[in-house]
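Q: Output the structure for:
(one chain, ligands or ions: 1)
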Amino acid sequence: MSGLDCAVQVQRGDFELNAAVRAAPGEVLAVIGANGSGKSTLLGAIAGTHPIANGSVRLGSRVLCSRGGQAPTVSLRRSARRVGFLDQRARLFPHLSARANIAFGPRAQGESRRTAEATAEEWLVRVGLSGRGDARSSQLSGGQQQRVAIARTLAADPALLLIDEPFAALDVTSSGELRELIATEARRMQIPVVLVSHDPIDLISLASRVVVLEAGAVTQSGTVAEVLGSPETPFAAAFTGRVLLRGTASDSGVLTPDAPLRELHGVGKLPSPGTAASASFEAAAVRVVPDPAPSSATENSWSGTISAISAGPAGVRLECAEWPGIYAELPLSRAFEPWITVGASARWELPTEAVRFGTPH
Ligand SMILES: Nc1ncnc2c1ncn2[C@@H]1O[C@H](COP(=O)(O)OP(=O)(O)OP(=O)(O)O)[C@@H](O)[C@H]1O
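A: Next up is the predicted model:
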C-alpha cells in the first residue's frame with residue numbers, strides 16, 4: 001500500500017505550476033480550481049504526460065519522477081508508473097467487446113487470455129454489468145460505457161488513480177452510482193485517488209481532503225469540511241455558494257473600492273479601521289428585484305445590471321456587471337421570473353445580519 005507524495009514545479013509556456021499534494025492509500029484527494037489554474041497540468045505531471053522542471057512524484061518508495069536537488073533525474077515511462085486515468089470520455093476500443101476492453105490491461109501485463117477474461121467477468125459484476133460482456137460500446141449507454149471504462153482502468157491494477165471530471169456528462173442517478181463505485185473500489189484496492197472536479201457533490205460524496213489550485217499555486221488545503229466550511233479565497237467561497245470580499249475595515253463596515261456600494265455592513269468582529277478586512281455571505285442571501293424598486297430596509301442595497309446567468313451550487317447564479325465578484329443565487333422557482341435576463345436593471349439587497357466580517361487569510 002503506497003501513498004502519493006508529489007511536490008512539483010512544471011513550466012508550460014508562461015504558466016508555472018508549483019504544487020505539493022499528498023494522498024494516503026484508499027484516500028480520495030480532490031483538486032479544485034478555476035479554468036486554467038493548472039489542474040490538468042498537475043495530473044499530467046503525475047501521470048508522466050508533462051515533464052517536471054523540479055521536484056518529485058513518489059508512490060510509497062517508488063520514484064515516478066524526480067528532477068533537481070542532489071538525486072539523479074528520474075522519469076519513468078507512463079506505462080511503468082502504474083497510474084490509471086479516467087475522464088469524461090470512456091474511450092473504449094470500439095471494435096472490442098466490453099469484456100475484451102476490460103481484459104486488455106491484464107492481457108498487456110502478460111495474463112493468459114483465459115485468466116484475463118475471468119478477471120474481466122469479475123469486474124463486469126462489480127460495475128453492475130454482468131451479462132453485458134459481449135456488448136460493444138455502440139450498444140451501451142454513456143453511463144454503461146463509463147462503467148466499462150472504470151472496470152478497464154481498475155482491472156489493469158493501477159497503484160494510483162487520477163480522475164478528471166468523470167461524472168460531468170452523466171445523469172444524476174448514473175453519476176451517483178459511479179461515485180459510490182469508485183469510492184468503494186479505491187478503498188478496497190487501497191490506492192490513492194486524485195480527483196479533479198468542479199462539482200461540490202464529488203467532494204462531499206467522494207473526497208476526504210481538498211486542495212484549491214489558483215494560478216498554479218495551492219491557495220488552501222484541508223479536509224472537505226475545513227475547505228467547504230471555511231473557504232479562504234474568493235474562488236473557494238464561490239465553489240461553495242458563498243461570496244468572499246476583501247477590502248479595508250472602517251468604523252462600521254468593510255470598504256469595498258470600485259463597487260456601487262461603498263461600505264458593506266454586517267456582523268462579527270471588524271479588524272482595526274484602516275486594516276485589511278473581509279466580508280462573506282451566502283449568495284442565496286442576496287435578494288434581487290427589478291429596478292426601480294421601493295427602497296428597502298436593509299443598509300446593504302445597490303443598483304446593478306445582471307451580467308451573467310449560470311448554475312451555482314445553491315441555485316441559479318446572477319452576476320452583477322457593476323460589481324465583479326458579487327453574485328446572488330436564486331432558487332429555480334424564482335429564476336423563472338421573466339424580467340430576469342442578462343442586461344436587466346436590478347436592485348440587489350443583502351440583509352446586514354447575513355454578512356459576516358473577518359480578517360483575510
Ligand atoms: N499546450 C500548452 N502550451 C502552453 N501552455 C499551456 C498549454 N496548455 C495549457 N497551458 C497553460 O497552462 C495553464 C494551465 O492549464 P491546465 O489545462 O492545467 O488548467 P486546468 O486547471 O486543468 O484548466 P481546465 O479547468 O480548463 O481544464 C493554462 O492557463 C495555460 O496558460
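Q: can you tell me how far the most centrally placed residue in the chain sits from residue 148?
A: For the chain, residue 197 is the residue whose C-alpha lies nearest the centre (C-alpha atoms, centre = their mean; 2.7 Å). Distance check for residue 197 against residue 148: by C-beta to C-beta, to the nearest Å, it reads 21 Å. The way it works is simple: take the backbone N, C-alpha and C, and place the C-beta from them, glycine included.
Q: again, but for residue 136
A: Look at residue 136 and residue 148: by C-beta to C-beta, they are 10 Å apart.
Q: With residue 4 instead?
A: From residue 4 over to residue 148 (counting by C-beta to C-beta), the distance is 26 Å.
Q: SS state for residue 174?
A: Three-state call for residue 174 (DSSP: H, G, I helix; E, B strand; the rest coil): helix.
Q: Now do the same contact list for it.
A: By C-beta atoms under 8 Å, 6 or more residues apart in numbering, the contact list for residue 174 reads 142-143, 146, 167.
Q: Kindly report the same for residue 220.
A: By C-beta under 8 Å, 6+ apart, the contact set of residue 220 is 210-212, 227, 231-233, 236, 361.
Q: got it, and residue 124?
A: 98-99, 102, 130-133, 151.
Q: ok, so of these, who is nearest residue 39?
A: residue 151 (24.9 Å; C-beta to C-beta).
Q: Can you get me a residue count around that closest one?
A: Each residue near residue 151 was counted by other C-beta atoms under 10 Å, and the total is 28.
Q: Tell me if I am right that it is in a strand.
A: No - assigned with three-state DSSP, residue 151 falls outside any strand and is helix.
Q: I'd guessed residue 152 sits against residue 102; true?
A: Yes - the pair residue 152 / residue 102 is scored as a contact, 4.8 Å apart, by C-beta atoms under 8 Å.
Q: out of these two, which sits in the more crowded spot?
A: Taking other C-beta under 10 Å, residue 152 and residue 102 do not tie; residue 102 has more neighbours (33 against 27).
Q: Return the residues of the protein in contact with the ligand.
A: Within reach of the ligand by C-beta under 6 Å from any ligand atom, the chain has these residues: 12-13, 15, 33, 35-41.
Q: Those residues, buried ones only, as a PyMOL selection?
A: Here is the PyMOL command that picks out the buried ones among these, judged by 16 or more other C-beta atoms under 10 Å:
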select buried, resi 33+37+38+39+40+41
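Q: Could you export the residues of the chain next to the ligand as TSV, including secondary structure?
A: Listed next are the residues of the chain next to the ligand as TSV, based on three-state DSSP:
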residue	secondary structure
12	strand
13	coil
15	strand
33	strand
35	coil
36	coil
37	coil
38	coil
39	helix
40	helix
41	helix
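Q: what's the farthest-apart pair in the residues of the chain next to the ligand?
A: Every pair of the residues of the chain next to the ligand checked by C-beta to C-beta; the farthest is 13 and 33, at 17.8 Å.
Q: Low-confidence stretches in the protein?
A: 1, 169-170, 293-297 (pLDDT under 70).
Q: Sketch out the helices for it, chain order is fine.
A: Using DSSP state H, the helices found in the chain span residues 39-47, 78-81, 98-108, 113-126, 142-155, 172-189, 200-206, 224-229, 234-239, 332-335.
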